[in-house]
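1. Here is my input; please provide its structure:
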Amino acid sequence: MNVTQFTDDLDAEIKQLKSRLAKLRKVQALRAQVLELEVSQSPATPQAIPLAGIIELVRSHFNIPLAALLGPGRPDTISVPRQIIFWLAYQTGTHYAAIGRAFGRDHTTVMYGVKVITDRMGVDPIFKHNVQKLHSSLILKQAAA
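-> Here you go, the predicted model:
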């Protein structure tokens, strides 16, 4: 294999990766649109707190882009806030499957995330206090609406 062949092959692979990345970005944008549509079409009940409101509260609190929360990223800076969203949504009556659909994940992933947050709240009082503050803020916003 000569250098020209190598660079041609490399260029082709880069082109494929760029194409796949563009497709992933489109999928993420569509997921965000589906989430907004599901929330806007869901019947409102006095106890129901829209998932979009929970996502926005946590997203703005942690200053994380929506695409990062909905994406596949697993660093703690993204996964912990995502799991807090799972916990808050579940605590406010949203089913595991509905939460999972909004994030493009299986309901068992949501169950695991809720358990992680519950367990951490049991051993970390500062973390528990911060999550409870978010929960209280969410309830106050709903009551004001």
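
2. now the strands for this protein?
-> Counting by DSSP state E, the chain forms no strands at all.

3. If you count neighbours, what's buried in stretch 74-93?
-> Across stretch 74-93, burial judged by 16 or more other Cβ atoms under 10 Å covers 78, 80-92. Where C-beta positions appear, they are placed from N, C-alpha and C, glycine not excepted.

4. list the contacts for His135?
-> His135 is in contact with Leu88, Gln91, counting by Cβ atoms under 8 Å, 6 or more residues apart in numbering.

5. contact partners of stretch 87-98?
-> For stretch 87-98, the surrounding residues in contact (Cβ under 8 Å, 6+ apart) are 38, 47-49, 51, 54, 57-58, 99, 107-108, 110-111, 113-114, 117-118, 131, 134-135, 138.

6. how far does it stretch from start to finish?
-> From its first residue to its last, stretch 87-98 covers 13 Å (Cα to Cα, to the nearest Å).

7. could you give the mean pLDDT of that stretch?
-> Stretch 87-98 carries an average pLDDT of 93.
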